[in-house]
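>>> Turn this into a structure:
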Amino acid sequence: MENILSNLQQFWQFTGFANCNGQYLIMIFFGLLFLYLGIKKEWEPMLLVPIGFGILIGNIPLFQGLKVSVYEEGSVLNILYQGVKQGFYPPLIFLGIGAMTDFSALISNPKLLLIGAAAQFGIFGAYAISLAFGFDPAQAGAIGIIGGADGPTAIFLSSRLAPDMMGAIAVSAYSYMALVPVIQPPIMRLLTTKKERLIRMKPPRPVSPVEKKLFPIIGFLLTAFIVPSGIPLLGMLFFGNLIKESGVTKRLANTASGPLIDVVTILIGLTVGASTQADQFLQWRSVWIFIIGACSFVIATFTGVLFVKIFNLFLKEGNKINPLIGNAGVSAVPDAARVSNNVGREYDPSNFLLTHAMGPNVAGVIGSAVAAGMLLGFLG
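Residues are numbered from 1 along each chain as shown. Here you go, the predicted model:
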């Protein structure tokens, strides 16, 4: 009888119930919240569902030494997490993004690139705020990249500059990407007049196949020479686009834009979620990261819309840009462009802004990668 009680007591010590505390329950609540938002509200389900379930995985209270935690050397989760920690998942994501992206809107109207560049002020604004809150320059750079609204870029940069804060930064970046339809519309309405919201833009000119083939080659050479430290992201982005547009590597493009990016998205979501282990994640600096991340996202939206308003002062009537597409300068493709279109159609149901908004939206992808390369070059 004593042996049975002793065995039962030993078994109890190995259960999650025996090792549970309030911190784990808080994180499990957030995991369930992410799952609710992803499944019920359909907010970025491809991101929030894997991250939400990953949070559940990472916050099952464990007995030390079981070798299953994402932070325990040699565990299966730790091996999968190396793709995040070492930064080789993000370039694979960028390869898939390049293979899925049509840069025609940007090629046909190159001045839209400036909107994508203006929205990156959110990154540098958050960098300044982070320094003011006492973070060191490397940590401030990693936090600032949240303003680019680009999860893979945030993971890539934080893995280099602030690996100990990568979980909080990654979850923050992906959270705000999912909240694009909630955060951006009020700012867009606040900054624009009814007359500006009704601006109709000229249809984009047709883009030739030759232009589409040359764009990724020229784009890569220009950006890589300016910011060589951004090559892992920029190289994969433009290479993915080239295999799509070349017309002779369809199988490669289909693999990159389909099975490959899907597999990497699953792995990156689950392992980033699992890295939010309560004892590692629930710290005051995580709260500040979320607050500053929200500020960076708001700044990016503000600067994108305001830049278009200022730019319009120098454009002739008939060539003006609808400032509602200024929000799309952040890198949340294609959700930010959809927000531009949806808000525009609230005021004129026949005014379709999606095609135009895709220009600054894809420019934002390039801009966030360039900004990450700049920060890595200066702070890495």
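
>>> Tell me where the stretch 51-200 of the chain has strands.
Counting by DSSP state E, counting those that start in this stretch, the stretch 51-200 of the chain has no strands at all.

>>> quick one: the helices in it?
According to DSSP state H, counting those that start in this stretch, the stretch 51-200 of the chain carries its helices in the segments 76-85, 89-100, 104-108, 113-119, 121-132, 137-144, 151-161, 166-178, 180-191, 194-197.

>>> Quick check, central residue of the protein?
Asp150 (2.1 Å; Cα atoms, centre = their mean).

>>> And for Pro186, the neighbour number?
Pro186 is flanked by 12 other residues according to other Cβ atoms under 10 Å. In this view, the C-beta of every residue, glycine as well, is placed from N, C-alpha and C.

>>> so the residue nearest to the centre of the chain makes contact with Gly367?
No: applying Cβ atoms under 8 Å, one finds Asp150 not in contact with Gly367, separated by 9.3 Å.

>>> intersection of neighbour lists for these two?
Applying Cβ atoms under 8 Å, 6 or more residues apart in numbering, one finds that Asp150 and Gly367 are jointly contacted by Ser331.

>>> Show me the shaky parts of the stretch 1-150 of the chain.
Along the stretch 1-150 of the chain, segments meeting pLDDT under 70 span 1-2, 6-14, 63-66.

>>> Recalculate using a threshold of 90.
Residues of the stretch 1-150 of the chain meeting the criterion pLDDT under 90: 1-24, 41-44, 46-47, 60-75, 85-87, 116, 119-125, 145-150.

>>> again, but for the stretch 151-300 of the chain
In the stretch 151-300 of the chain (pLDDT under 90), the answer is 151-152, 159-160, 163-168, 170-182, 202-205, 275-287, 293-294, 296-297.

>>> Leaving out the residues flanking it, which one is nearest to the residue nearest to the centre of the chain?
In space, Asp150 comes closest to Ser331 once its chain neighbours are excluded; the distance is 3.9 Å by Cβ to Cβ, 6 or more residues apart in numbering.

>>> now Asn19
According to Cβ to Cβ, 6+ apart, the nearest residue to Asn19 is Pro61 (3.7 Å).

>>> Quick check: phi and psi at Thr101.
Here is the backbone geometry of Thr101 (degrees, to the nearest 10): phi -90, psi 140.

>>> Leaving out sequence neighbours, find the closest residue to it.
Counting by Cβ to Cβ, 6+ apart, the residue nearest Thr101 is Val362, at 5.6 Å.

>>> got it, and Val330?
In space, Val330 is closest to Ala149, 4.0 Å off (Cβ to Cβ, 6+ apart).

>>> what does Glu196 give?
Closest to Glu196 by Cβ to Cβ, 6+ apart is Pro323, at 5.2 Å.

>>> now the one you found: how far from Gly377?
From Pro323 across to Gly377, the span is 32 Å (Cβ to Cβ, to the nearest Å).

>>> likewise Val370?
To Gly377, Val370 is 10 Å away according to Cβ to Cβ.
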